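In: When you get a sec, could you give me coordinates for this:
(one chain, ligands or ions: 2)
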Amino acid sequence: MAYKITVDKDKCDACESCVDICPAEVLEMVDGKAEPVNMDECMGCESCVETCPNEAITLTDE
Ligand code: SF4
Ligand code: SF4
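Out: Ligands and ions are numbered 1, 2, ... in the order given. You can find the predicted model right below:
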């Protein structure tokens, strides 16, 4: 199973919580917004989804 992370950049205010909490370093800040740069490493733990104060992150299974 592969997971897909989507960041709604209009909602992201660059708090970096998701970057800090991800155990697999999937997310990085790119041009001031969180971006999944290492999607293959995502284990679907949902920590980023839960920590985002703006509900900017969506996790889907593919
Ligand atoms: S679901 Fe977990 S492993 Fe995947 S990007 Fe979010 S924090 Fe990282
Ligand atoms: S936790 Fe949410 S608001 Fe904060 S950097 Fe990540 S996507 Fe943006």
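
In: Can you tell me the number of residues neighbouring C18?
Out: If you count neighbours by other C-beta atoms under 10 Å, C18 ends up with 25. (Glycine included, C-beta is placed from N, CA and C.)

In: oh sorry, the question was meant for P23
Out: 11.

In: E46 is in contact with that one, correct?
Out: No - applying C-beta atoms under 8 Å as the test, P23 and E46 come out as separate, 11.4 Å apart.

In: Can you point out the buried residues in stretch 4-20?
Out: Neighbour counts over stretch 4-20 (16 or more other C-beta atoms under 10 Å) mark I5, V7, C12, S17, C18, V19 as buried.

In: filter these down to the ones near ligand 1?
Out: On the criterion C-beta under 6 Å from any ligand atom, I5 are the entries of the buried residues of stretch 4-20 that sit beside ligand 1.

In: Out of the buried residues of stretch 4-20, which is nearest to T51?
Out: If you rank the buried residues of stretch 4-20 by distance to T51 using C-beta to C-beta, S17 comes first, at 4.5 Å.

In: thinking again about what came up before, grab the two from the buried residues of stretch 4-20 that are most spread out in space.
Out: Using C-beta to C-beta, the two most remote members of the buried residues of stretch 4-20 are I5 and S17, lying 14.0 Å apart.

In: on that earlier part again, pLDDT and secondary structure for the buried residues of stretch 4-20 - can I get that in TSV?
Out: Putting the buried residues of stretch 4-20 into TSV (pLDDT from 0 to 100; DSSP: H, G, I helix; E, B strand; the rest coil) gives the following:
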residue	pLDDT	secondary structure
I5	97	strand
V7	98	strand
C12	98	coil
S17	98	helix
C18	98	helix
V19	98	helix
